[in-house]
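S.K.: Just need the structure, nothing else, for what follows:
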Amino acid sequence: MGKDYYAVLGIDKTAGEGQIKKAYRKLAIKHHPDKNPGDKQAEERFKEVSEAYAVLSDPEKKRQYDQFGDAGFHQRFSQEDIFRNADFGDIFREFGFGDGDDIFSQLFGGGRRSGFQNRRPRPVKGQDYLMRVTIPFRQAILGGERRVDLDRNDTIEQIQVRIPVGVEPGQKLRIAGKGGASPSGGPPGDLLLEIHVTSDARFKRDGRNLLHTVKIPFTGACLGTSVEVPTLNEVKRIKVKPGTQNGSKIRLRGFGVPGRAGQSAGDLYAVVEVTVPDHLTDEQKTLLKQLQEAGI
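M.R.: Numbers count the residues shown, from 1 in each chain. Down below sits the predicted model:
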């Protein structure tokens, strides 16, 4: 179940910076572990509202959360990314809970100067690594296996990575345990693979749909014709109806990005481009003039 950070703080999407801060301050005071010693539910609620504030108080993180939604956002940002550069200090100082500089370790592992005093500090997870990987267009659509060479402490480690069907450009794939070592004996960080995709000579992508341009002559647009359209696995011949306009799209249902996890497959659209000859014979000119005189 995804997280709705706006609902967590009890605000709507139009809330400004001051409203976000005010909502967080109210909830943080109520649920702060120093005010609720031994209350696990209050601690979890405090973590939840702090995470929401860390995202919504940062303009860039908020923009990406609004654009990609919860699932897409968490593919791009690890928990460490979320709390990096988050400023809780002035809020905590207002109600006497310290400067908040180590908020990330306080909430998700590590000790603190006040509160949580009776707990043994949990080992901190190692740093996540970010690596950009470029894959072919076809592999991004159909998925598959790819070898990644990871340089860890001057040692090259070869990792086989499963590329999921329909992976989006800019999406981050998380490879557990392939990040940095923990400084305190905890689990290693993860490797985040940021996907870049090469362009394709035949197709363009629009979400789960594919686009392919087909060229037809002017006469074919007027009288109708047929044309071959490549798909990911075969070539299909489709009919073009008489009177088809330049830029029209002909849909091939189910020939786009394959479906996964309960999704239906996308569609392939043949985008019609009506061509105009740059050279005409005398006979063709005569015929076209007759058509022009007939009002065509």
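
S.K.: E157 touches L150, doesn't it?
M.R.: Yes. Applying Cβ atoms under 8 Å, one finds E157 in contact with L150, separated by 4.7 Å. C-beta here means a position set from N, CA and C on the backbone, and glycine is covered the same way.

S.K.: Identify the contacts common to these two.
M.R.: K178 (Cβ atoms under 8 Å, 6 or more residues apart in numbering).

S.K.: Please say which of these two ends up with more neighbours.
M.R.: Each of E157 and L150 has its neighbours counted (other Cβ atoms under 10 Å); L150 has more, 17 against 12.

S.K.: part of a strand, is the more buried one?
M.R.: Yes. Looking at L150 with DSSP: H, G, I helix; E, B strand; the rest coil, it is inside a strand.

S.K.: Check the spacing between it and I175 real quick.
M.R.: 9 Å (Cβ to Cβ, to the nearest Å).

S.K.: any common contacting residues for the two?
M.R.: Residues touching both L150 and I175 (Cβ under 8 Å, 6+ apart) are I159, L191.

S.K.: burial count for the closest residue to F77 other than its chain neighbours?
M.R.: In space, and not counting its chain neighbours, F77 is closest to K61: 6.9 Å by Cβ to Cβ, 6 or more residues apart in numbering. Residue neighbour count, defined by other Cβ under 10 Å, stands at 21 for K61.

S.K.: residues touching K61, list them.
M.R.: Contacts for K61 (Cβ under 8 Å, 6+ apart) come out as A54, V55, F73, F77, I82.

S.K.: mind checking the SS state of the last one?
M.R.: The assignment at I82 comes out as helix when based on three-state DSSP.

S.K.: wait, it sits on V55?
M.R.: Yes. Counting by Cβ under 8 Å, I82 does reach V55; the two are 6.0 Å apart.

S.K.: When the two are compared, which one has more neighbours?
M.R.: Neighbour comparison, I82 and V55: the larger count goes to V55, with 25 against 20 (by other Cβ under 10 Å).

S.K.: mind checking how far the spatially closest residue to P188 that is not a sequence neighbour is from K178?
M.R.: Nearest non-adjacent residue to P188, counting by Cβ to Cβ, 6+ apart: G126, 4.3 Å away. According to Cβ to Cβ, G126 stands 10 Å off from K178.

S.K.: Can you check which residues contact both of the two?
M.R.: Shared contacts of G126 and K178 (Cβ under 8 Å, 6+ apart): P188.

S.K.: Show the subsequent helix or strand relative to the worst-scoring helix or strand of the chain on mean pLDDT.
M.R.: For the chain, counting by mean pLDDT, DSSP states H and E, helix 103-108 ranks last in confidence among helices and strands (a mean of 52). Sequence-wise, the next helix or strand downstream of helix 103-108 (DSSP states H and E) is strand 129-135.

S.K.: Report all helices and strands that that next one contacts.
M.R.: On a contact count with 3 or more Cβ pairs under 8 Å, 6 or more residues apart in numbering; DSSP states H and E, strand 129-135 meets strand 144-152, strand 191-197.

S.K.: And the first one, what does it pack against?
M.R.: Counting contacts by 3+ Cβ pairs under 8 Å, 6+ apart, the secondary-structure elements packed against strand 144-152 are strand 129-135, strand 155-163.

S.K.: These into TSV, with extra columns for mean pLDDT and distance to Q67?
M.R.: Formatted as TSV, the helices and strands packed on strand 144-152 follow (pLDDT from 0 to 100; distance: least, Cβ to Cβ, whole Å):
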stretch	mean pLDDT	distance to Q67
strand 129-135	94	19
strand 155-163	92	23
